[in-house]
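Participant: Need coordinates for the following:
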Amino acid sequence: MNSNYRSTAIGIKSRSEATTTETASSTTSALVNEAEPAAAEVPQIVGCQQGLGPVETYWSDGSVTGYSEYCQTVLDSTDREEAAANTPSCDGTVCRYPSGATFPDPNATPDDRCTNLINYANGPRPNAEINSIGALTGQCPEPIS
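Facilitator: Okay, the predicted model is just below:
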């Protein structure tokens with residue numbers, strides 16, 4: 001599309017039917033056929049879809065498209081951060097989430113020694129003897145008072 005443009009003092013072109021050229025002695029009007037305006041601004045990514053689902057990309061020209069490498073990278077990073085925030089750290093007894101919530105470690109070895117199941121306080125036998133009896137017989141001995 002060939003249009004006439006007027007060049008202003010700061011170099012910005014605006015649409016006009018004629019260009020006015022001023023000289024010291026006279027003003028001349030002439031039609032000027034200048035080149036097409038600069039190419040339209042290339043749309044920029046202004047946002048990505050939040051949450052889960054297919055990747056959507058929001059552009060500066062108001063359009064919405066699907067996949068873009070940038071938004072896919074953002075989604076992948078968000079997924080990794082979400083997984084890290086929901087992955088507990090276990091120590092063999094208890095598991096702790098980064099938020100502070102805890103639950104018993106499902107991989108903990110049960111501590112079924114007799115001295116942990118029955119109160120043998122003030123008894124004459126040492127804990128090792130009581131636990132050995134329980135391990136050999138499969139039953140905890142009765143406390144001796």
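Participant: For this structure, which element, helix or strand, carries the lowest mean pLDDT?
Facilitator: Of all helical and strand segments in the chain, the minimum by mean pLDDT, DSSP states H and E falls on strand 13-15, at a mean of 30.
Participant: Count the residues that sit near Thr115.
Facilitator: 19 (other Cβ atoms under 10 Å). C-beta coordinates here come from the backbone N, C-alpha and C atoms, glycine included.
Participant: Just the pLDDT for it.
Facilitator: With respect to pLDDT, Thr115 has a value of 92.
Participant: Next: Asn33.
Facilitator: As summarised for this prediction, Asn33 has a pLDDT of 47.
Participant: likewise Arg6?
Facilitator: Reported pLDDT for Arg6: 35.
Participant: Three-state assignment for the residue positioned nearest the centre of the chain, please.
Facilitator: Residue closest to the average C-alpha location in the chain (Cα atoms, centre = their mean): Thr78, at 2.0 Å. Local secondary structure at Thr78 is given as helix here, using DSSP: H, G, I helix; E, B strand; the rest coil.
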